[in-house]
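Q: Got a sequence here, can you build the structure:
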Amino acid sequence: MKIDWAALGSVFGVSLVVTVALVALFTLGIVGLSRHERAAAQGRSAALAVTGAYACFAACTAAVAYGIYLIMA
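A: Residues are numbered from 1 along each chain as shown. Next up, the predicted model:
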């Protein structure tokens, strides 16, 4: 059995980058919801923050769904 170390390193690198990107997107969504709650407490509107948060969560959901699709295909 011969292990293709370059391919294994490539898979590791891509998975690491995608994981960091998903965590960053989810964190941006949480920050957007936090800004919405802070603005609501001060009596201001934060529609852009909520829209951005939902967009981040939708992107996370799409990335996870695509990953599941790749595994199943």
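Q: so what's the residue most central in space within the chain up against?
A: Centroid check for the chain by CA atoms, centre = their mean gives L22 as the closest residue, at 2.8 Å. L22 makes contacts with 60, 63-64, as judged by CB atoms under 8 Å, 6 or more residues apart in numbering. Bear in mind the C-beta positions are built from the backbone N, C-alpha and C, glycine included.
Q: tell me which element it falls in.
A: helix 5-41 (DSSP states H and E).
Q: Can you name the next helix or strand after that helix?
A: Heading C-terminal from helix 5-41, the first helix or strand you meet, by DSSP H and E, is helix 47-72.
Q: Touching stretch 41-51 from outside, list them.
A: Stretch 41-51 is contacted from outside by 32-33, 35-36, 38-40, using CB under 8 Å, 6+ apart.
Q: now with 10 Å?
A: Applying CB atoms under 10 Å, 6 or more residues apart in numbering, the contact partners of stretch 41-51 are 31-40, 52-53.
Q: re the thing from before, identify, from the contacts of L22, the entry nearest to G9.
A: A63 (22.0 Å; CB to CB).
Q: if we can go back for a sec, model confidence for the residue nearest to the centre of the chain, exactly?
A: At L22, the pLDDT value in this model is 96.
Q: just to revisit the earlier point, kindly present the contacts of L22 as CSV, with separate columns for neighbour count and distance to D4.
A: Converted to CSV, the contacts of L22 look like this (neighbours: other CB atoms under 10 Å; distance: CB to CB, whole Å):
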residue, neighbour count, distance to D4
C60, 18, 31
A63, 14, 26
V64, 11, 27
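Q: what's Q42 sitting at in phi/psi?
A: Q42 has phi and psi values of phi -90, psi 0 when expressed as degrees, to the nearest 10.
Q: returning to that earlier point: so what's the gap between the helix holding L22 and the chain middle?
A: Mean-position distance between helix 5-41 and its chain equals 4 Å (CA atoms, centre = their mean, to the nearest Å).
Q: just the angle between that helix and helix 47-72, please?
A: Between helix 5-41 and helix 47-72, the angle comes out at 150 degrees (axes from the mean of the first three to the mean of the last three CA atoms, to 10 degrees).
Q: how about helix 5-41: buried residues?
A: With burial defined by 16 or more other CB atoms under 10 Å, the residues of helix 5-41 counted as buried are 25, 28-29, 32-33, 35-36, 39.
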